[in-house]
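# Got a predicted structure plus its sequence, pasted below:
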Amino acid sequence: MAVMRNLLGKSGPKIVILVTSVFFLLPLLAMTRFAFQNIGVFDLSWSKAFDKWTFDIVSKPFEDQYFTDSLYLSFKIAIGTAALTLGLLIPTAIWVHLRVPKARVLIEFMTVLPYVIPAIALVAGIVVIKPHARWFLNSDLSLIPFYTVLALPFTYRAIDSGLRALELRTLVDASRNLGAGWIRTMVKVIVPNLRSAIISATFLTVAVALGEFTIANVLLKRTFPPFINEYRMREPRAGYALAVLSLLFTIFIFGLLSVALRSPSAKSHQNSTKSREMS
Amino acid sequence: MAWIGLVPFFAFLTLFLFIPAFSVFSEALRGANGKFTLDSLREGISGQNLEAFKFSIKFSAGAAFVGVVFGTLLAYAAVITKRPKWLRSLITSFSGVAANMGGLTLAFAFVSLLGRQGVLTKILAALGWDLYSGNFGLGEIPGLITVYSYFNIPLMVLVTIPAIDGLRTSWREACANLGGTTWTYWRRIGLPVLAPSIMGGFLLLFTNSFSAFATARVLTDNSKIVPLRIGFFLGGDLSVGEDSIGYSLAAWMIIVMAVCMWLYWILRRRAEKWQS
């Protein structure tokens, strides 16, 4: 019994980590194999496990005109979504912090509403209003505000917690006393101090906008995710290869995000210790 | 007067969130003749639609349960494993990616692993276990639970790590000093403190699984999955009058989500009490 408990206590966590990592790695390995190993599942055996790996398939999607078109459209939408998110949320969040702190809970509540109205329900509503707003919804770029809504729970939290970490009132008063107008204060004082919050909000929006499938699929917009889904049925291997690449791109984005967020805070930490030493 | 600065934000939400959401309800409450009626709302939870809701609630609850158990265990393992040092940050950053990975890529990965032609399916078949001899399928309950665990477990890790960090060693010592065993500690202190976070996590994972569309769409055509069913009604060529069922299903989905999120909100407030 004591041995058993010891085993569980000591090795339990390791076993949990091991088992879950197998679960998380296997599907990715299987997908990578399908994409980059040119052997049918029927012929697969242990002796051939390392045969015929090739990355030539990566060039295949470029033969399809919709590939570049859809990718271009998705990037346009992602940039638009990030711009709209920042343009709308930064002034709103600052205003809430400075002028109407009472509204904080209300705004926070509003920003989690997209959890209550998931993408599939939102798009049902869009289909209802479509006949009344064709001039707007016929454009592919009309997805931008809806993607902004979908990303709201993540993005508002990022900006709000960035503002909480600042002595906002002091910063603004100092800047105003030195004669800066509101716009100058925003651009020269607040935004630079919000750097890491802005970076994370941007990356989160881009990730949401590049990966969104539901709304685009129902509204028959040819963004990248619907393309990749349809392409996989025509060209399975190349489709899987694209999925692997887009996953690597997401990991790259998140990696970049953590690097971008780490360096300035490490630097500012150094600065603060330095200034403490000086004083 | 100060509220005027919030006008752009509220106008934006009204146009792109509230109006679509209200339209779903107004369409669900309108009969073929344009008059108010509860018929389609009633239809949305009867017959095949009721079966769909039952099926979706069943697999979402199953997926949430599996996610809560393994997510909590993994989060606990990540917190107490001190060496190697980078392990914890690896687990949290991977969770950050995987929790957001739902959708196409995830479904593709599982089709290539456990689909009819999947690698693991073939390996198991060679070992004498034919997965597909019964009624296994990636669009059936065990399949969906397996796939959805891929984003549910990491999400649970992200939401419980702060709660587990909040468990103080002094509580454990106090318990031991008073003669309590490890079991007493978990039974009387650890689990009660974690309970609101765990229940909140369950609700979050449930809503997450219940509303997922993209992953399910690639895995299967199973119309018992409510989001897919809504999608079929929205995009489908249906006879006139039938399309209001799609809106009625969407309205019910919003209601289910709202109840879950309301409970989640309450539980979070309780959970935060111990995380200072």
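Structure received.
# pLDDT averaged over the helix or strand harbouring B:Ala174, what's the number?
Element membership for B:Ala174, per DSSP states H and E: helix B:169-177. For helix B:169-177, the mean per-residue pLDDT is 88.
# Could you list the residues in contact with that helix?
If you take C-beta atoms under 8 Å, 6 or more residues apart in numbering or on different chains as the criterion, helix B:169-177 is touched by B:Thr184, B:Tyr185, B:Arg188, B:Ile189. For every residue, glycine as well, the C-beta is placed using N, CA and C.
# and what of stretch A:143-160?
In this structure, residues lying in contact with stretch A:143-160 by C-beta under 8 Å, 6+ apart are A:77, A:80-81, A:84-85, A:88-90, A:93, A:107-108, A:111-115, A:119, A:122, A:126, A:194, A:197-198, A:200-201, A:204-205, A:208-209, A:212, A:215-216, A:219, A:221, A:223, B:12-13, B:15-17.
# Stretch A:33-40 too?
Identification of contacts with stretch A:33-40 by C-beta under 8 Å, 6+ apart yields A:48, A:51-55, A:57, A:236-238, A:240-241, A:243-244, B:112, B:119.
# And stretch B:5-14, by the same measure?
A:88-89, A:91-92, A:95-96, A:99-100, A:103, A:107, A:110, A:113, A:145, A:148-149.
# coming back round to it: show the buried residues in the contacts of stretch A:33-40.
Among the contacts of stretch A:33-40, those scoring as buried are A:Ile57, A:Pro236, A:Arg237, A:Ala238, A:Tyr240, A:Ala241, A:Ala243, A:Val244, B:Ser112, B:Val119 (criterion: 16 or more other C-beta atoms under 10 Å in any protein chain shown).
# Please verify my assumption that the first one contacts A:Arg237.
Okay, so that is A:Ile57. Yes - with contact defined as C-beta atoms under 8 Å, A:Ile57 reaches A:Arg237; the gap is 5.4 Å.
# about what we covered before: next, check the contacts of stretch B:5-14 against the helices and list the overlap.
A:Leu88, A:Leu89, A:Pro91, A:Thr92, A:Trp95, A:Val96, A:Ile107, A:Met110, A:Leu113, A:Pro145, A:Thr148, A:Val149 (DSSP state H).
# And for the third one, the neighbour number?
Read it as A:Pro91. 17 (other C-beta atoms under 10 Å in any protein chain shown).
# on that earlier part again, in the helix holding B:Ala174, which residues are buried?
Neighbour counts over helix B:169-177 (16+ other C-beta under 10 Å) mark B:Arg172, B:Cys175 as buried.
# ok, then the element right after it?
The helix or strand immediately downstream of helix B:169-177 is helix B:182-184, counting by DSSP H and E.
# Show the low-confidence segments of chain A, by residue range.
For chain A, applying pLDDT under 70 flags the ranges A:1-9, A:41-50, A:263-279.
# Where do the strands of it begin and end?
Under the criterion DSSP state E, chain A carries no strands.
# ok, the residue in it that chain B sits nearest to to B:Gly246 distance?
At 2.6 Å from chain B, A:Gly125 is the closest residue in chain A, using C-beta to the nearest C-beta. A:Gly125 is 11 Å from B:Gly246, where distance means C-beta to C-beta, to the nearest Å.
# Show me whatever sits in contact with both of the two.
Shared contacts of A:Gly125 and B:Gly246, defined by C-beta under 8 Å, 6+ apart, are absent.
# if I read this right, B:Ala250 contacts B:Val24, doesn't it?
Yes - counting by C-beta under 8 Å, B:Val24 is a contact partner of B:Ala250 at 4.9 Å.
# just checking, which of the contacts of stretch A:143-160 belong to helices?
Of the positions in the contacts of stretch A:143-160, A:77, A:80-81, A:84-85, A:88-90, A:93, A:107-108, A:111, A:113-115, A:119, A:122, A:126, A:197-198, A:200-201, A:204-205, A:208-209, A:215-216, B:12-13 sit in helices, assigned by DSSP H.
# Can you flag the buried ones in those?
A:77, A:80-81, A:84-85, A:88-90, A:93, A:107, A:111, A:113-115, A:119, A:122, A:126, A:197-198, A:200-201, A:204-205, A:208-209, A:215-216, B:12-13.
# Looking at the contacts of stretch A:33-40, spot the one nearest B:Thr220.
For the contacts of stretch A:33-40, the minimum distance to B:Thr220 (C-beta to C-beta) is 15.2 Å, reached by B:Ser112.
# buried sites along the strand or helix carrying B:Leu191?
Element membership for B:Leu191 (DSSP H and E) is helix B:191-210. By 16+ other C-beta under 10 Å, the buried positions in helix B:191-210 come out as B:193-194, B:196-210.
# Give me the residues contacting stretch A:60-70.
For stretch A:60-70, contacts defined as C-beta under 8 Å, 6+ apart pick out A:Arg222, A:Thr223, A:Phe224, A:Pro226, A:Phe227, A:Tyr231, A:Glu235, A:Arg237, A:Ala238, A:Ala241, A:Leu242.
# hmm, try it at 7 Å
Residues from elsewhere that reach stretch A:60-70, judged by C-beta atoms under 7 Å, 6 or more residues apart in numbering or on different chains: A:Arg222, A:Thr223, A:Phe224, A:Phe227, A:Tyr231, A:Glu235, A:Ala238, A:Leu242.
# Stretch B:72-84 now?
The contact list for stretch B:72-84 (C-beta under 7 Å, 6+ apart) reads A:13, A:16-17, A:20, B:87-88, B:91, B:153, B:156-157, B:160-161, B:164-165, B:198.
# Now do that stretch, average pLDDT.
For stretch B:72-84, mean pLDDT is 88.
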